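J.: the sequence isn't on hand, but the structure is:
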């Protein structure tokens with residue numbers, strides 16, 4: 001006979017969380033850890049943008065400091081940065097590193113992943129597409145090909161400039177994109193926003 005009771009692997013879960021010891025537990029965010037959430041929850045409304053830092057692990061570091069991030073934000077129009085509650089300098093997950101994800105917008109936060117402490121990015125055995133070279137051209141032009149594949153060699157100063165004047169500005173651009181913009185055009189809008197402001201904020205010799 002067919003068992004009339006519907007069986008599901010989701011039995012015991014509560015709104016995306018888990019049940020442990022007979023008590024429901026909320027499922028934690030994959031992007032923002034509990035200590036980060038607790039600091040965000042206790043932050044006063046209308047205060048300055050928080051910069052929250054996670055331990056980057058032994059093989060990674062955060063190229064820029066909280067002061068440097070706040071300095072860039074202070075030079076932008078207040079209307080552009082008002083929706084942003086926090087910048088999170090995040091410990092890079094293995095999945096993000098494999099997928100080459102450097103930053104993302106989540107809720108009212110900007111997440112900046114940590115950078116390899118070797119200042120070397122491995123791009124695999126195949127030569128990266130031309131659009132990758134053109135994207136990084138204003139920030140890092142040092143590429144090497146060896147038996148291990150293609151590698152991009154950064155300096156600490158180049159990584160800092162890239163984080164402050166491209167990644168950060170790109171994600172701020174996502175906060176300011178028109179609500180009606182099609183999803184296929186969102187990255188182009190954020191990229192244009194970042195380049196436009198980088199040219200205004202950087203010295204002439206360093207502009208992209």
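T.: Thanks, I have the structure now. Because the structure is predicted, anything quoted here is derived from the model rather than measured.

J.: quick one: contacts for the closest residue in space to residue 154 that isn't next to it in sequence?
T.: Spatial nearest neighbour of residue 154, excluding adjacent residues (CB to CB, 6 or more residues apart in numbering): residue 119 at 4.4 Å. Backbone N, C-alpha and C define where each C-beta goes, glycine included. By CB atoms under 8 Å, 6 or more residues apart in numbering, the contact list for residue 119 reads 153-156, 159.

J.: what packs against whichever helix in the chain runs longest?
T.: Longest helix in the chain by number of residues (criterion: DSSP state H): helix 186-201. For helix 186-201, the packing partners by 3 or more CB pairs under 8 Å, 6 or more residues apart in numbering; DSSP states H and E come out as helix 168-175.

J.: coming back round to it: what about the contacts of residue 119, which are in helices?
T.: Those of those lying in helices (DSSP H): 156, 159.

J.: and the contacts of residue 119 as a markdown table, adding pLDDT and distance to residue 59?
T.: Output for those, formatted as a markdown table (pLDDT from 0 to 100; distance: CB to CB, whole Å):
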| residue | pLDDT | distance to residue 59 |
| --- | --- | --- |
| 153 | 97 | 16 |
| 154 | 98 | 15 |
| 155 | 97 | 18 |
| 156 | 97 | 15 |
| 159 | 98 | 14 |
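
J.: and the contacts of residue 119, which are buried?
T.: 154, 159 (16 or more other CB atoms under 10 Å).

J.: determine which two of the contacts of residue 119 are furthest apart.
T.: Within the contacts of residue 119, two members stand farthest from each other by CB to CB: 153 and 156, at 11.7 Å.

J.: can you give me the helices for this protein?
T.: Counting by DSSP H, the helices of the chain are 34-42, 66-74, 78-81, 94-99, 130-136, 156-162, 168-175, 186-201.

J.: now residue 170: how far from residue 198?
T.: 10 Å (CB to CB, to the nearest Å).

J.: go on, residue 58?
T.: Look at residue 58 and residue 198: by CB to CB, they are 31 Å apart.

J.: looking at the two, which is more packed in?
T.: Set residue 58 next to residue 198 and count neighbours by other CB atoms under 10 Å: residue 198 wins out with 23 against 7.

J.: on that earlier part again, quick one: the longest helix of the chain to helix 168-175, angle?
T.: 130 degrees (axes from the mean of the first three to the mean of the last three CA atoms, to 10 degrees).

J.: check which residues of helix 186-201 are buried.
T.: 189-190, 193-195, 197-198, 201.

J.: any idea what the residue lying closest to residue 144 once chain neighbours are set aside is bridged to?
T.: Spatial nearest neighbour of residue 144, excluding adjacent residues (CB to CB, 6+ apart): residue 151 at 4.8 Å. Beta bridges link residue 151 to residue 122, residue 144, judged by DSSP bridges.
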